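Undergrad: Pasted the sequence and its predicted model underneath.
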Amino acid sequence: MNEFNWTYVGVAALGIFGLFSFLATVVLSLTWYERKMLARIQMRVGPSRVGPHGLLQPIADVFKLVTKEDIRPTNSSGILFWSAPLIVFVSAFLVWLTVPFADGLIVAPQELGLLYIVAIATVGIVGLLLAGYTSSSKYSVLGGMRAAAQLVSYEIPIIVVVLAIAVLVQSLDLRDVILGNEVTIGERVISFDGQGAIPFAFIMPLGLVVFILAGLAELGRTPFDIHHAESEVVGGPFLEYSGAHWAVFFLAEYINTFMIAALTVLLFFGGWSWPSPPESVFGAALDEWQTDALGVGWFLFKTYMVVGLFFWFRGTYPRLRIDQLMAFGWKSLIPLSFVNLILIAIVMFYDWPLWVMTAFSVPILVGGLYFGARRTARRADPSTVQMYRRASREDGGNKLVPEGTRD
Amino acid sequence: MLNSLKALRVSLGTMMRKKVTAEYPKEHLPIQDRYMGFPALLWDDARDEPFCTGCMVCVRYCPTQCMSAEMMDNEKFVEGDSHRKKIIDTFEINLGRCILCGICVDVCNFDAIEMSHEHERSDRGRDANRVDLGELLVMGTKFQKDTGWKQSKPNLPSPKERSVIAEAKAAKEAAEAAANPASEVPPETTAT
């Protein structure tokens, strides 16, 4: 791809357009899915009026949001205020470019896909912080700060777990995670065949649980949704947004939710690869497009299952306090993720069988989460409480609002 | 941590439970007999006419003055079929003003008005939701049929019934007199 090639540009544009349409559809379906699921947990019906089973409700929602008045607070700082949702959305969208839906079905194949994903996903934090900072609202600033603190903290366990997967597969390419890879370390040749192999969830259950919990925090979903906690900071960074811009924020939010679920499936549940090859299931040789379609279907099915797990959590757990959140992240998840990384490194270095990893992971996982949860559930540290009280006493928190934008 | 898993099990359990929502226009929950809907006039099946005599008590007691009524002479009384000398001629309730307080039911002397089960009446206009005598009677008979309503005291006898009763009484007395002639004679006449 050294020379400029119009065909390549056309194909890329087509891919991006297809990806965008796909993601928009997915977001619509996710809002419906979430509302139905929460409704079932609360013994309600959920959306049922627009279309059969309320299936057209998301479209009605989009129409409502787009036709709503788009308000900008008088004291907010113009172009920054409008660009914040764009930054959040673009970072959420760009991550999807390297996600393989099936063998070869990928918009931009990259050898450093995993690195790219964790790098680009971080950009979204800037958008949230910007949204909070430029809204000229105390709640937004607090929400933005919380978002930044939370997301930066929980990036670490995610990256370390991804690193552990990379150590296991000896590659940073997402396709290698599924298809397997062959590498040479010194004199030894390590061959890893992912297709049809046992999912990594069984090899590193510790990594899976840490990834899902940190992923939930990364998304700002319940029980880690303190950055748009309605009862505390009203809506966090999104507070002052309305209409289409608010819709863009939530588009990004749901794309990210689907992203974390898709990453969980790709890294831990074998992505598009069937438990046994589809040929053996259907008893006949399949065309390439048939295999691809089956793979994409299987991948989406698993992803929706994981998303359903997130929604189930949302219907079950209350919100953590901010000090609990930080304590859980720094004192439990990060040590556990590092233990996971070191374990897999030792297992790979000495070329032990992979069940050793499982055997070590399970007790560490249970023990770590048990003590982590106990420590998290403790009362707030008195010094932390004093710090927050002092901050709220002095100037009523006005110090947090940038100079010149105070009302 | 165990409690967190228990919580997940609980929410899964509620997910499996039956929904409590009734999707209203499609699905109607049963109405209890004591439910107080809009007032309606009841129908006297024995006399084949309304109970209401148009006495205006409910109209006078109505706190929102949503009712109006007019009485007329009852033809059935003239013919001797009914005990009601007067009967309701026109009755109108502005359901838009009615506050469903039930005072009209409490003050009625004739079992004529009841709070029916009718509750699905609404209209866009402030003055559009008026019901006349016919509709009120339809609402009332539906209520009577649904709840097995019984009147609190029996009807007084009509003129025809009264004459039948009087004839029967006279016949009975005559028969008694025939059976016992001595008692028929007044004591004064025997004294003279």
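TA: All right, it came through fine. As the structure is a computational prediction, the values presented were derived from the model and not from experiment.
Undergrad: can we go C-alpha only for contacts and neighbour counts from here?
TA: Fine.
Undergrad: which residues touch the residue at minimal distance from the centre of chain B?
TA: By Cα atoms, centre = their mean, chain B has its centre lying nearest to residue B:42, at 3.7 Å. The contact partners of residue B:42, taken as Cα atoms under 8 Å, 6 or more residues apart in numbering or on different chains, are B:50-52, B:111-114, B:137, B:140-141, B:144.
Undergrad: let's go with 10 Å and repeat that
TA: Counting by Cα atoms under 10 Å, 6 or more residues apart in numbering or on different chains, residue B:42 touches B:49-52, B:110-114, B:116, B:136-144, B:149, B:151.
Undergrad: next one: residue B:112
TA: B:40-44, B:50-54, B:104-105, B:140, B:151.
Undergrad: how about 8 Å then?
TA: So residue B:112 contacts B:41-43, B:50-52 (Cα under 8 Å, 6+ apart).
Undergrad: For residue B:103, which residues are in contact?
TA: Contacts of residue B:103 by Cα under 8 Å, 6+ apart are B:58, B:61-62.
Undergrad: list the contacts for residue A:89?
TA: A:124, A:248-249, A:251-252.
Undergrad: quick one, phi/psi of it?
TA: phi -70, psi -40 (degrees, to the nearest 10).
Undergrad: Kindly provide the whole-number mean pLDDT of the helix or strand hosting residue A:383.
TA: Here residue A:383, judged by DSSP states H and E, is contained in helix A:382-393. Averaging pLDDT along helix A:382-393 gives 71.
Undergrad: again, but for stretch A:226-242
TA: On average, stretch A:226-242 scores 80.
Undergrad: Using PDB, list the CA coordinates for that stretch.
TA: Extracted in PDB, the C-alpha atoms of stretch A:226-242 (Å, rounded to 0.1, in the frame of the first residue of the first chain):
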ATOM      1  CA  ILE A 226     -20.300   7.100  39.100                       C
ATOM      2  CA  HIS A 227     -19.300   9.500  36.400                       C
ATOM      3  CA  HIS A 228     -22.900  10.000  35.300                       C
ATOM      4  CA  ALA A 229     -24.400   9.200  38.600                       C
ATOM      5  CA  GLU A 230     -27.900  10.800  38.400                       C
ATOM      6  CA  SER A 231     -28.300  11.100  42.100                       C
ATOM      7  CA  GLU A 232     -25.000  12.800  42.700                       C
ATOM      8  CA  VAL A 233     -23.800  14.700  39.600                       C
ATOM      9  CA  VAL A 234     -27.100  14.700  37.800                       C
ATOM     10  CA  GLY A 235     -25.800  13.500  34.400                       C
ATOM     11  CA  GLY A 236     -22.100  14.100  34.700                       C
ATOM     12  CA  PRO A 237     -20.400  15.400  31.600                       C
ATOM     13  CA  PHE A 238     -23.600  14.900  29.500                       C
ATOM     14  CA  LEU A 239     -25.600  17.100  31.800                       C
ATOM     15  CA  GLU A 240     -25.700  20.200  29.600                       C
ATOM     16  CA  TYR A 241     -26.100  18.400  26.300                       C
ATOM     17  CA  SER A 242     -29.400  17.900  24.600                       C
END
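Undergrad: and it, how far from the chain's centre?
TA: With Cα atoms, centre = their mean, to the nearest Å as the basis, stretch A:226-242 stands 19 Å off its chain's centre.
Undergrad: Show me which residues of that stretch are buried.
TA: By 16 or more other Cα atoms under 10 Å in any protein chain shown, the buried positions in stretch A:226-242 come out as A:226-229, A:233-242.
Undergrad: Please apply the same query to stretch B:4-13.
TA: Per 16+ other Cα under 10 Å, stretch B:4-13 contains these buried residues: B:7-8, B:11-12.
Undergrad: Sitting in helices, which of the contacts of residue A:89 do you find?
TA: Here DSSP state H is the test, and the contacts of residue A:89 give A:124, A:248-249, A:251-252 as lying in helices.
Undergrad: any chance you could map the strands in chain B?
TA: B:39-41, B:43-44, B:49-50, B:67-73, B:86-94, B:113-115, B:130-131 (DSSP state E).
Undergrad: so which of those strands gets nearest chain A?
TA: strand B:130-131 (30.9 Å; Cα to the nearest Cα).
Undergrad: ok, back up a step: can I get the buried residues of stretch B:4-13 in CSV with distance to residue B:172 and pLDDT?
TA: Formatted as CSV, those follow (distance: Cα to Cα, whole Å; pLDDT from 0 to 100):
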residue, distance to residue B:172, pLDDT
B:7, 83, 88
B:8, 84, 88
B:11, 79, 89
B:12, 80, 89
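Undergrad: restrict those to contacts with chain A.
TA: B:7-8, B:11-12 (Cα under 8 Å from any Cα of the partner chain).
Undergrad: Among the residues you listed, which ones are in helices?
TA: Reading helices off those with DSSP H, I get B:7-8, B:11-12.
Undergrad: residue contacts, the closest residue to chain B within the stretch 51-200 of chain A?
TA: Residue nearest to chain B within the stretch 51-200 of chain A: residue A:53 (12.1 Å; Cα to the nearest Cα). By Cα under 8 Å, 6+ apart, the residues touching residue A:53 are residue A:47.
Undergrad: Quick check: it is in a helix.
TA: Yes. The assignment for residue A:53 by DSSP: H, G, I helix; E, B strand; the rest coil puts it in a helix.
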